[in-house]
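**Q** sharing a sequence plus its predicted fold:
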Amino acid sequence: MNDLTLSPIAIIHTPYKEKFSVPRQPNLVEDGVGIVELLPPYNSPEAVRGLEQFSHLWLIFQFDQIQQGKWQPTVRPPRLGGNQRVGVFASRATHRPNPLGLSKVELRQVECINGNVFLHLGAVDLVDGTPIFDIKPYIAYADSEPNAQSSFAQEKPLAKLTVEFTEQAKSAVKKREEKRPHLSRFIRQVLEQDPRPAYQQDKPSDRIYGMSLYEFNIKWKLKAGTIDCVEVINIEFCG
């Protein structure tokens, strides 16, 4: 069989500037929306004619922040606590023989303006700037399987952490609420899923974490004496 060379047809713009903060599936963080920008020569209104009649899309994308060639036949999914191994093809791990991902997203609007084509999406699970290789419409009768079995991920994960804001963090949110009206809710929902590696969860720690969302660097840590409550201690504007 011959090798296949792929070129991106689009990139996606999201609030997630690094993979650390990205939800592990779409629709877990309601304000984490995205916009797909088609690249030349694919940025033609003709290429998306009729797409607005679909409510959801499949995106085929590249895990472009993952070291190439680094994969193993088994992985440790976070949903299993990071201790139990399953086959890489029985998971959605990012380290794969070919660094390709598949994501189902809500399509809210198709915008064609000034020679550009933008697809406005609902909640996504992709890093800002991720290359998109293909876009396909979601076909409900064929793609939906209400009685499907999903092994260790049968149900949507519950929130793992309680999130509180210090007065300093509340003040920082208030200063930006005109431009980012749901910033505190967005930060809260990202942190409730506990973005830390599984081996760091359920353990006391005084470490201060940082993550990039939109144009902000969010500083947070476990609240003293707890393992399931975090404090947002500061929100730094990065420009």
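**A** Sure, I can see it.

**Q** switch to C-alpha atoms for all contacts and neighbour counts from now on
**A** Fine.

**Q** buried sites along the helix or strand encompassing Arg185?
**A** Using DSSP states H and E, Arg185 sits within helix 183-192. Residues of helix 183-192 classed as buried: 183-184, 186-192 (neighbour count, 16 or more other C-alpha atoms under 10 Å).

**Q** quick one: mean pLDDT for it?
**A** Averaged over helix 183-192, pLDDT sits at 95.

**Q** likewise for stretch 114-123?
**A** Rounded mean pLDDT across stretch 114-123 is 96.

**Q** what separates it from the chain centre, distance-wise?
**A** 17 Å (C-alpha atoms, centre = their mean, to the nearest Å).

**Q** quick one: the lengthiest strand in the chain to chain centroid distance?
**A** Longest strand in the chain, counting residues (DSSP state E): strand 100-113. The chain centroid and the centroid of strand 100-113 are separated by 13 Å under C-alpha atoms, centre = their mean.

**Q** which residues in this structure form strands?
**A** 10-13, 33-38, 56-62, 74-75, 86-87, 100-113, 116-123, 131-137, 162-165, 209-213, 216-222, 229-237.

**Q** and the residue nearest to Gln189 when sequence neighbours are not counted, what does it touch?
**A** Leaving aside its sequence neighbours, Gln189 sits nearest to Val29 (C-alpha to C-alpha, 6 or more residues apart in numbering; 5.5 Å). When contacts are counted by C-alpha atoms under 8 Å, 6 or more residues apart in numbering, Val29 touches 23, 123, 186, 189-190.

**Q** let's have these in JSON lines, adding distance to His13.
**A** Formatted as JSON lines, the contacts of Val29 follow (distance: C-alpha to C-alpha, whole Å):
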{"residue": "Pro23", "distance to His13": "15"}
{"residue": "Ala123", "distance to His13": "12"}
{"residue": "Phe186", "distance to His13": "16"}
{"residue": "Gln189", "distance to His13": "19"}
{"residue": "Val190", "distance to His13": "17"}
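
**Q** out of those, who's nearest Gln65?
**A** Nearest to Gln65, judged by C-alpha to C-alpha, of the contacts of Val29 is Pro23 at 15.3 Å.

**Q** tell me how far that closest one lies from Ala123.
**A** Using C-alpha to C-alpha, to the nearest Å, one gets 10 Å for the distance from Pro23 to Ala123.

**Q** nearest spatial neighbour of Phe61, skipping sequence neighbours?
**A** Nearest residue to Phe61, sequence neighbours excluded (C-alpha to C-alpha, 6+ apart): Ile132, at 4.4 Å.

**Q** bridged to the one you found, which residues?
**A** With DSSP bridges applied, Ile132 shows beta-bridge pairing to Ala10, Phe61.

**Q** hmm, it is touching Gln62, no?
**A** Yes. Contact criterion C-alpha atoms under 8 Å: Ile132 and Gln62 qualify, at 6.6 Å.

**Q** of the two, who's got more company?
**A** Neighbour totals were compared for Ile132 and Gln62, and Ile132 leads with 24 against 20 (other C-alpha atoms under 10 Å).

**Q** quick one: the more buried one and Lys203, what's the gap?
**A** Ile132 is 37 Å from Lys203, by C-alpha to C-alpha.

**Q** gap between the two ends of stretch 9-20?
**A** 25 Å.

**Q** just stretch 48-57 next, same as before
**A** End-to-end distance for stretch 48-57, by C-alpha to C-alpha: 12 Å.
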